[in-house]
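Visitor: quick one, fold the following:
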Amino acid sequence: MDFEITKLTDYTLVKVLNDRLDTNNAPDLKSELVVINTKGEKNIILDVSSCDYCDSSGLSAILVANRICEDSIGTFILTGLQPDVEQIIRISMLHTVLIITKTVADAVNILNEKNKQ
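Guide: You can find the predicted model right below:
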């Protein structure tokens, strides 16, 4: 399994365990994200701190996660970007539409603040 999924009270944490998010595992990630959302989860934190590489399939999976959270009136947060992955996110201009944090703890803080509102 390329992912570790942890269901917590206010969100689900999905950690990519592979060093690549690409055509080999991105379709599985998309499926997992849809299943998580179908079970009623609207807040997802995707931790890609183990990933050194992301291709267009990986970006597509990230965008699917963002869309399903938005459609559920929830929050998607991407965290743990390594330099090469951050570069592809910036080149794709996704940093302008995604919530991105350095750490999972930062992401949790954002969710806690949103839940207080």
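Visitor: is the most centrally placed residue in the chain in a bridge, and if so with what?
Guide: The chain has residue 46 as the residue nearest its centroid, 2.7 Å off, counting by CA atoms, centre = their mean. For residue 46, the beta-bridge assignment (DSSP bridges) gives partners residue 14, residue 78.
Visitor: mind listing what it touches?
Guide: By CB atoms under 8 Å, 6 or more residues apart in numbering, the residues touching residue 46 are 14, 16, 62, 65, 76-79. Just so you know, the C-beta spots here come from the backbone N, C-alpha and C atoms, and that holds for glycine as well.
Visitor: which one of those residues is nearest residue 106?
Guide: The shortest approach to residue 106 among these belongs to residue 79, at 6.9 Å (CB to CB).
Visitor: in what helix or strand does residue 59 lie?
Guide: helix 56-71 (DSSP states H and E).
Visitor: now do that helix: distance to the chain's middle.
Guide: Here the centre of helix 56-71 is set off from its chain's centre by 8 Å, with CA atoms, centre = their mean, to the nearest Å.
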